[in-house]
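Asker: Have a look at this prediction, sequence included:
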Amino acid sequence: MITLGYVLSFVLALILIAVSFLSVQLIMLAWVRLTRPAPRLTLAKMNDAELPHVLVQLPVCNEGDLALRVAAAACALDWPKDRLTIQLLDDGTEENHAVLASRLPAIIPPGINLTLLRRGDRKGFKAGNLAYGLAHCDAPFVAIFDADFVPAPDFLRRTVPALVADSGLCFVQARWGHNNRDANWLTRVQGVLLDSHFAVEQEARFRAALPMSFNGTAGVWNRLAIEQSGGWTGDTLTEDLDLSMRCVLQGWRSAMLPDIEVPGELPPNAAAWRSQQARWTKGHAQCARKLVPLVWASALPVHLKLAMTAQMCQFAFYTLAFTSAAISLFMLSVGLPPYPAVAALGLIVTFLGLSCSIGYLWLGQRMLGHEKDSKLYRTLVLAVVFPSGLILANTRATLEAFFSTRMDFTRTLRAGEIHAGGWRGVPELVVGTFVAVLAVSESNWAALFFVFAVSGLVSIGTMGATNALTRAPVRRSISTPAE
């Protein structure tokens, strides 16, 4: 038993050290964001006759009114009509496609080249849909908007010139806004999390000339970069990260345009958010499995290899946290107290993680001028609690990425939709209650960690159960069968 205690304490110490590196990464990103000046992007000065042909791709899947809204926004983009091609790429069912086709002509202004394309299968999911559209147009620049985003008319005028002026840029990324940010506490939390991703992390990577990922929407690509890097591929669930990292391996750079905001919609309930985060986590893990060996076999400088590896392996937090909790609870149940050094390390890592996370999130709000929001501090606390409730779903997603070839693409739910699967919050409620009971007598070094873990699990589980009890009829099935 003593030997087992040594082994478990050693493993626990290694996990805690790994978690601390994730916290240090937040500190480094925040430091870069605060101290590095923003690079000045050159914008090509062109009159209308010199503007290039641009393809606007709108990948949709059973989106209903949102598909029409984003199509209308694309039609309103300020760009010469003879050099603007819009593709509404519909991966929806035949029934919904027919409805969309019948309603679409009413919103297309005269002279706008908008084509509704449907490939008839979902092979490759969103990546396959985008690739299908590229095969039908040869425009050198490609803007992409998901169905829930609404670009301003001047979007292309403010983004495409950066790509024309710098032929080494593979894409430019705009910042996401949030139309339904104040719908409830969950959407407020998501807004804060995403604000920090764009205003701190993405901006810091850009300022430090580090690789950054395309965010799947609200950006413009240089088509040559897509083609030289192997094109859109559907072997991961995060096709945006996958292509971005492959572009870096080919020597391409990217740019963040933080002054340009494109508003979108946040998942309105726990089921939608949990599903989205699990897909993103699994996709990151798949990219890490696929690309990390290629990154370290490349001739890139070591600091870029480290940055790319850290970016793709952010998903590891949930698996590490789950494993740490499992070891701690096992030691508690069999009467093996942690060694004093490990207990001290656990306390340090816990406070480091909490302080870094809250500071990172607050900095994102400060950078955007939201630091005086009356609900900010409550939102910051919940922004630490709610993600803790994803530990089960995201750990499962990570394991599936490494030990399963199953590919289920569950499109993010929109307002008015409900999850078509069987999740109703039960796993989180059961595990949260179980952990709370076992951790009542836990030593002080782990008590704070378990408070947040239990709070997060119970919160997400309760939201899932509440939504299940009060849900409206299912508007349509969202889940996509595996390929």
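Answerer: Noted; the coordinates are in hand. Numbering: from 1, shown residues only.
Asker: make it CA atoms for all contacts and neighbour counts henceforth
Answerer: Fine.
Asker: who's in contact with Asn394?
Answerer: Counting by C-alpha atoms under 8 Å, 6 or more residues apart in numbering, Asn394 touches 277-278, 281-282, 315, 318-319.
Asker: which of those residues has the weakest pLDDT?
Answerer: Among these, Phe315 carries the lowest pLDDT, at 91.
Asker: Can you report how many residues neighbour that residue?
Answerer: The local packing of Phe315 (other C-alpha atoms under 10 Å) involves 23 other residues.
Asker: Not counting its neighbours along the chain, what's nearest it?
Answerer: Spatial nearest neighbour of Phe315, excluding adjacent residues (C-alpha to C-alpha, 6 or more residues apart in numbering): Thr281 at 5.5 Å.
Asker: May I have the phi/psi pair for the one you found?
Answerer: Backbone geometry at Thr281, expressed as degrees, to the nearest 10, gives phi -60, psi -50.
Asker: what's the burial count for it?
Answerer: 27.
Asker: Domain boundaries for the protein, per the record?
Answerer: 2-34+314-470, 54-311 (automatic domain parsing).
Asker: sorry, back to before: the residue nearest to Phe315 against Tyr318, yeah?
Answerer: No - in this structure Thr281 lies outside contact range of Tyr318 using C-alpha atoms under 8 Å: 9.2 Å.
Asker: Show me which pair in the contacts of Asn394 is furthest apart.
Answerer: Pairwise distances across those peak at 13.8 Å for Gln277 and Thr319 (criterion: C-alpha to C-alpha).
Asker: Would you agree Asp78 is in contact with Leu156?
Answerer: Yes - assessed by C-alpha under 8 Å, Asp78 is found in contact with Leu156 at 7.1 Å.
Asker: Settle it for me: which of these two has more neighbours?
Answerer: Taking other C-alpha under 10 Å, Asp78 and Leu156 do not tie; Leu156 has more neighbours (18 against 14).
Asker: helix or strand for that one, which one?
Answerer: Assigned by DSSP states H and E, Leu156 belongs to helix 155-165.
Asker: Name the residues that touch that helix?
Answerer: Helix 155-165 is contacted by residues 41-46, 77-79, 141, 169-172, 220-222, 257, 260 when judged by C-alpha under 8 Å, 6+ apart.
Asker: now do stretch 380-393
Answerer: So stretch 380-393 is contacted by 186, 189-190, 192-193, 274, 277-278, 318-319, 321-322, 354, 357-358, 361-362, 428, 452-461 (C-alpha under 8 Å, 6+ apart).
Asker: Go again with 6 Å.
Answerer: For stretch 380-393, the surrounding residues in contact (C-alpha atoms under 6 Å, 6 or more residues apart in numbering) are 189, 318, 452-453, 456-457, 460.
Asker: So which bits of that stretch are buried?
Answerer: Neighbour counts over stretch 380-393 (16 or more other C-alpha atoms under 10 Å) mark 380, 382-393 as buried.
Asker: Among those residues, which one sits closest to Ala98?
Answerer: Using C-alpha to C-alpha, Ala393 is the member of those that lies nearest Ala98, at 35.4 Å.
Asker: Am I right that Val220 sits in a strand?
Answerer: Yes - judged by DSSP: H, G, I helix; E, B strand; the rest coil, Val220 forms part of a strand.
Asker: Excluding chain neighbours, what is closest to Arg83?
Answerer: Nearest residue to Arg83 in three dimensions, chain neighbours excluded: His53, at 4.3 Å (C-alpha to C-alpha, 6+ apart).
Asker: Would you confirm that the one you found contacts Ala139?
Answerer: Yes - shown here, His53 and Ala139 form a contact pair, counting by C-alpha atoms under 6 Å, at 5.3 Å.
Asker: does the nearest residue to Arg188 once chain neighbours are set aside sit in a helix, a strand or a coil?
Answerer: Of all residues not flanking Arg188 in the chain, Arg181 sits nearest, at 5.3 Å (C-alpha to C-alpha, 6+ apart). Judged by three-state DSSP, the three-state class of Arg181 is coil.
Asker: what about Arg181, distance to Ser404?
Answerer: 35 Å (C-alpha to C-alpha, to the nearest Å).
Asker: which of the two has more neighbours?
Answerer: Taking neighbours as other C-alpha under 10 Å, Arg181 and Ser404 compare with Arg181 leading, 20 against 10.
Asker: After the longest helix that the chain contains, which helix or strand is next?
Answerer: In the chain, assigned by DSSP state H, the helix with the most residues is helix 2-35. Per DSSP H and E, the first helix or strand lying C-terminal to helix 2-35 is strand 54-60.
Asker: and the angle from that next one to helix 155-165?
Answerer: Interaxial angle, strand 54-60 versus helix 155-165 (axes from the mean of the first three to the mean of the last three C-alpha atoms, to 10 degrees): 120 degrees.
Asker: next structured bit after strand 54-60?
Answerer: Next in sequence after strand 54-60, counting helices and strands by DSSP H and E, comes helix 65-75.
Asker: contacts for the helix or strand following that following helix?
Answerer: Using DSSP H and E, the next helix or strand after helix 65-75 towards the C-terminus is strand 84-90. Defining contact as C-alpha under 6 Å, 6+ apart, one finds that strand 84-90 is touched by 53-61, 113-118.
Asker: Now list the buried members of those.
Answerer: Burial by neighbour count, 16+ other C-alpha under 10 Å: within the contacts of strand 84-90 this picks out 53-61, 114, 117-118.
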